[in-house]
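A.B. asks: next one to model:
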Amino acid sequence: MNSSRSDIQSKKRKQNIFLNSSIAVVFVLIAGVSAFIFFGDNENQAAETEEKTIAEQVQENAGAQDENSNDSNELTASEIDSDDNEESAESVAANEEEEEAAAKKEKEAAEKKEQEAKKKEQEAKKKENEKKEDADTNEDQTRPEDGEFKPIGTEQTGEHVSSYETGSVDWNEKLKAAAYATGLDVNTMTVWWMGNDGGPQNAKAEVASPGAGGPEYRVHMEWVDKKGWKPVKVVELQ
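C.D. replies: The predicted model follows:
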């Protein structure tokens with residue numbers, strides 16, 4: 001009987017140990033599962049947090065890049081506008097310089113043309129005066145026939161008074177009329193005599209070519225108002 005009780009107690013102890021072991025294993029399993037769930041959630045949350053942080057960082061970086069890109073675009077646009085303005089200003093300045101150079105060149109050309117025109121005009125006047133002087137010289141050296149004489153012109157004004165004073169205006173104009181009538185040179189001919197020829201507005205002169213043995217002439221002349229002395233007759237003396 002004692003042996004039976006002992007067996008029963010032994011069985012109970014074994015059952016208790018088994019039950020306790022089973023309960024311990026169950027608790028361990030429960031603890032493991034709970035830990036797995038807890039740490040798994042934390043890891044998931046950390047991963048999600050890390051993913052979220054990375055996504056936010058990427059988004060921020062993208063935003064910063066967009067801002068930098070916008071700033072760069074704005075700067076580039078500003079630089080382009082500045083470059084365009086500078087090029088426009090340079091173009092305007094270049095055009096102004098070209099216009100000024102063209103205007104200056106045109107002005108210089110006009111001035112040169114004007115100077116050339118004045119020079120040609122002066123040369124034409126000079127040639128005309130030379131021709132006139134040549135004509136006067138030829139007229140002095142060519143003896144017209146009686147009746148073809150013309151008044152020689154005069155510098156005198158007002159009422160005419162005949163003068164026989166050597167060197168006076170009227171005297172010199174009488175010499176010019178005598179030279180014109182005889183064809184002699186007024187500057188080199190010899191004057192033998194000059195005086196009145198029957199009236200206050202009439203005169204005569206005896207002149208000869210320079211040097212011995214040259215021809216001698218007596219010139220009769222009359223005064224024409226405002227036109228000067230006019231030869232009327234030339235006599236060659238023997």
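
A.B. asks: list the buried ones in stretch 111-125?
C.D. replies: Across stretch 111-125, burial judged by 16 or more other CB atoms under 10 Å covers no residue at all. The way it works is simple: take the backbone N, C-alpha and C, and place the C-beta from them, glycine included.

A.B. asks: same question, stretch 220-238
C.D. replies: H220, M221, E222, W223, V224, G228, W229, K230, P231, V232, V234.

A.B. asks: what lies in contact with it?
C.D. replies: 143-144, 146, 149-154, 156, 160, 162, 173-174, 176-178, 180-182, 197, 201-206, 215-219 (CB atoms under 8 Å, 6 or more residues apart in numbering).

A.B. asks: what about those, which are in helices?
C.D. replies: E173, K174, K176, A177, A178, Y180, A181, T182 (DSSP state H).

A.B. asks: so V234 lies in a strand, does it not?
C.D. replies: Yes. According to DSSP: H, G, I helix; E, B strand; the rest coil, V234 belongs to a strand.

A.B. asks: could you give the bridge partners of it?
C.D. replies: Per DSSP bridges, the residues bridged to V234 are V219.

A.B. asks: for it, report the pLDDT, please.
C.D. replies: If you check V234, the pLDDT there is 95.

A.B. asks: before we move on, what about E96?
C.D. replies: E96 carries a pLDDT value of 87.

A.B. asks: relative to E87, which of the buried residues of stretch 220-238 is nearest.
C.D. replies: Nearest to E87 among the buried residues of stretch 220-238: G228, at 79.3 Å, using CB to CB.

A.B. asks: how close does the closest one get to N202?
C.D. replies: As for G228, its distance to N202 is 14 Å (criterion: CB to CB, to the nearest Å).

A.B. asks: repeat for G195
C.D. replies: Counting by CB to CB, the gap from G195 to N202 is 10 Å.

A.B. asks: more neighbours: which of those two?
C.D. replies: More neighbours surround N202 than the other of G195 and N202, with 15 against 11 (other CB atoms under 10 Å).

A.B. asks: what is that one paired to in the beta sheet?
C.D. replies: Assigned bridge partners for N202, using DSSP bridges, are E222.

A.B. asks: can you read off the pLDDT for it?
C.D. replies: 97.

A.B. asks: pretty sure it contacts K174?
C.D. replies: No. Taking contacts as CB atoms under 8 Å, N202 lies outside contact range of K174: 10.9 Å.

A.B. asks: for this protein, what spans make up the strands?
C.D. replies: For the chain, applying DSSP state E gives strands covering 190-196, 202-208, 216-224, 228-237.

A.B. asks: in TSV: these, plus distance to I17.
C.D. replies: TSV is the format used below for these (distance: least, CB to CB, whole Å):
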stretch	distance to I17
strand 190-196	188
strand 202-208	188
strand 216-224	183
strand 228-237	179
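
A.B. asks: shaky segments in this structure?
C.D. replies: 1-9, 12, 16, 25-28, 32-85, 131-147, 238 (pLDDT under 70).

A.B. asks: if you set the cut-off to 90 instead, what comes out?
C.D. replies: 1-100, 105-107, 112-115, 117-148, 210-214, 237-238 (pLDDT under 90).

A.B. asks: neighbours of G213, how many?
C.D. replies: Counted by other CB under 10 Å, the residues lying close to G213 total 6.

A.B. asks: now do the one 3 residues further on
C.D. replies: By other CB under 10 Å, the residues close to E216 number 15.

A.B. asks: ok, it touching E206?
C.D. replies: Yes. The criterion here is CB under 8 Å, and E216 meets it with E206 at 6.7 Å.

A.B. asks: give me the common contacts of the two.
C.D. replies: W192, L237.

A.B. asks: out of the ones in helices among the contacts of stretch 220-238, who's nearest E111?
C.D. replies: Distances from E111 to the ones in helices among the contacts of stretch 220-238, taken by CB to CB, are shortest for K176, at 43.8 Å.
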